[in-house]
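Trainee: got a predicted structure plus its sequence, pasted below:
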Amino acid sequence: MRVFITGGAGFIGSHLADACIARGDAVTILDNMSTGSAKNIAHMQGKIEIHEGDIRDQALVEKLVEQSDIVFHMAAALGVKNIMEHTLESIDRNFNGSEIVLHAVTKYNKRLIIASTSEIYGKNPNQPLHEESDRLVGAPQKIRWTYADAKALEEAVAHTLHKTHGLKVTTVRFFNTVGPRQTGQYGMVVPRFIQSALNNEDITIYDDGSQSRVFCHVKDAVRAVIKLSESDLTIGDYFNVGGVGEITIKELATKVIERTNSTSSIRYIPYSEAYPAGFEDMQRRVPDISKIRHAIDWQPQISLNEIIDSISASSA
Ligand SMILES: NC(=O)c1ccc[n+]([C@@H]2O[C@H](COP(=O)([O-])OP(=O)(O)OC[C@H]3O[C@@H](n4cnc5c(N)ncnc54)[C@H](O)[C@@H]3O)[C@@H](O)[C@H]2O)c1
């Protein structure tokens, strides 16, 4: 297979590239290195084709799509902090950039997997979240939701192109995916906590830490993506991909301290100190993964303890 991965120098994209190389694919990546890094793909040098460029470069995207059999569209601006500080640029990349990829793949009639997000469900309190759960997002001026809005529109355009032009697309909604190579720089909680713990510095929790999440190891998530892409039955469909085992952020901090034998203390700060005005959070975010389990017999296998150990081993 000739595989084209947008955002291939990023966290999930680089693990996906590893999996495709292991499968024997010819891999091409396109990345503008905004949040991705050369370090993530250094070990692939000579094994893959690397293009440093932007998904908004239509001519380049069309050329790379034409030369491929399947496209994994992972490129996006993400990280709550990043979105809130670079709002217009993020919307442009996530919506206009994705539109270019979607139309190019439609034009050349290739197979496509797009990366969406659990953020699209917003603050819906009815957990766990299944694929038909309602979206409940705050006012447009609550800037955090622009990421979810752009991703939701991308999903809607993909769905429409599937209906009207036969686009062979499968949508993956990742829930809190974590593992080695993820950076804590843009507000991601697990790498941020582990980095602080390894440095024996205070672990900073926003608000009171009673908010909860479920984490999924990137290797499990990549296995799901590959399996979804191998089945024609998933074309035109959309799937949650997430872990099992809900944990509060306070419990997570305690667990990270224990597993890294750290002397860190926990400190609490209000959201208003951590984020610019316009931030709001969701209290819980729990995936219902029964749809993907039934469709391709996938479920996560890597526990949270193993996740923390693998990240701390790779960051030490
Ligand atoms: N990690 C998660 O928990 C999570 C959760 C939900 C959804 N997602 C989605 O999964 C995908 C991958 O996320 P990730 O966690 O690997 O993040 P990441 O930031 O590590 O990867 C995104 C990659 O896209 C690149 N990129 C950004 N804008 C680009 C542009 N305009 N042109 C070319 N490259 C560009 C970045 O440099 C980076 O390498 C994204 O679409 C993201 O929205 C991730």
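Mentor: Nice, thanks for sending it over. Numbers count the residues shown, from 1 in each chain.

Trainee: beta partners of the residue nearest the centre of the chain?
Mentor: Centroid-nearest residue in the chain, with CA atoms, centre = their mean: residue 174, separated by 5.4 Å. Taking DSSP bridges, one obtains residue 117, residue 241 as the residues bridged to residue 174.

Trainee: show me what contacts it?
Mentor: 12, 115-118, 216, 221, 241-242 (CB atoms under 8 Å, 6 or more residues apart in numbering). Glycine gets a C-beta too; all of them are placed from N, C-alpha and C.

Trainee: closest to residue 63 out of the residues you listed?
Mentor: residue 115 (21.6 Å; CB to CB).

Trainee: excluding chain neighbours, what is closest to that closest one?
Mentor: residue 74 (4.9 Å; CB to CB, 6 or more residues apart in numbering).

Trainee: could you measure from residue 9 over to residue 85?
Mentor: Distance, residue 9 to residue 85, using CB to CB, to the nearest Å: 21 Å.

Trainee: more crowded one of those two?
Mentor: Taking other CB atoms under 10 Å, residue 9 and residue 85 do not tie; residue 9 has more neighbours (28 against 15).

Trainee: spatially nearest residue to that one (excluding sequence neighbours)?
Mentor: residue 36 (3.3 Å).

Trainee: what do you get for residue 111?
Mentor: residue 70 (4.3 Å).

Trainee: now that neighbour: how far from residue 208?
Mentor: Applying CB to CB to residue 70 and residue 208 gives a distance of 44 Å.

Trainee: just residue 190 next, same as before
Mentor: 19 Å.

Trainee: stretch 221-238 spans what distance, first to last residue?
Mentor: 14 Å (CA to CA, to the nearest Å).

Trainee: residues making contact with that stretch?
Mentor: 12, 15-16, 18-20, 23, 70, 72, 111, 113, 116, 131, 155, 159, 162-163, 168-174, 177, 239, 241, 292, 295-296, 298.

Trainee: distance between it and the chain's centre?
Mentor: 15 Å (CA atoms, centre = their mean, to the nearest Å).

Trainee: doesn't residue 63 fall inside a helix?
Mentor: Yes: secondary structure of residue 63 (DSSP: H, G, I helix; E, B strand; the rest coil): part of a helix.
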